[in-house]
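Colleague: my questions concern the predicted model and sequence given below.
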Amino acid sequence: GEVILEEMLGRVLSQDSWSRQYPIEGGEKVDCAVVLRDVVVPIDAKFPRDDYMRYVGSESKEESSYHWKAFENSVKRQINDIQSKYVKPELGTAEFALMFIPSEAIYYETIAEENYLGDPTAILEYAQSHRVFPVSPNTFYAFLQVVVLAIRNVEIIKSAKKLQQSLTDLERSFDQFYSKYQDMGKRINQAAEAYRIGDDHVQ
């Protein structure tokens, strides 16, 4: 995750606009940070991938539900760590931090209102209430474009709060996209089931 994150930052931002292993005053070092004028946006790239792989690799719904809960709890612990370690406005950071998820599939399931089992999940709501925003490679690129715009024209985005609002709007757009993505998946499944039933009758 850190390698992908650093490559993306290096491609989009100038070297003086971001830093790896950025020290937050008080001793903690965040994986990367975007330095926007006099505000630091912390980015943490750690993520409980093993918990997620156990979840998707489960052979029964009961096992999947068990591992999903473990995954969900691990993500929430990570969110708590990010907030407590890196969200320090009094020390010059933004009023939020980013949690970089290097997999689009994991990201979309993390921000969805339901996982693929159909069980409700509130990870995104939990993250936002703790001032932590999950981002994937695609959404992170969009976020970086907001940052680039802010660096080029500080009058467009005058404060970290407005930057946070821009990211919230971006998340909302991707939420709408994911909802349509889920609907499309349901229709594909329904069409496949109808085809299977029709094929059975023909045979």
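Modeller: Structure's in. What do you need? Fair warning: this is a prediction, and the values are worked out from it, not measured in the lab. Numbers count the residues shown, from 1 in each chain.
Colleague: longest single strand anywhere in the protein?
Modeller: In the chain, assigned by DSSP state E, the strand with the most residues is strand 29-36.
Colleague: for this structure, which spans come out with low pLDDT?
Modeller: For the chain, applying pLDDT under 70 flags the ranges 1, 26, 114-118, 147-148, 150-203.
Colleague: show me where it has helices.
Modeller: Under the criterion DSSP state H, helices of the chain are mapped to 2-12, 49-56, 61-86, 104-111, 123-129, 137-152, 160-202.
Colleague: with only the CA atoms kept, save the longest strand of the chain in CSV.
Modeller: Extracted in CSV, the C-alpha atoms of strand 29-36 (Å, rounded to 0.1, in the frame of the first residue of the first chain):
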residue,chain,number,x,y,z
LYS,A,29,5.1,9.4,11.9
VAL,A,30,2.4,9.0,9.3
ASP,A,31,3.1,7.0,6.1
CYS,A,32,2.8,10.0,3.8
ALA,A,33,1.5,13.6,4.1
VAL,A,34,0.4,16.2,1.6
VAL,A,35,1.7,19.6,2.6
LEU,A,36,-0.8,22.2,1.5
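Colleague: and it, which strands flank it?
Modeller: Sheet partners assigned to strand 29-36 using DSSP bridges are listed as strand 18-23 (antiparallel), strand 39-44 (antiparallel).
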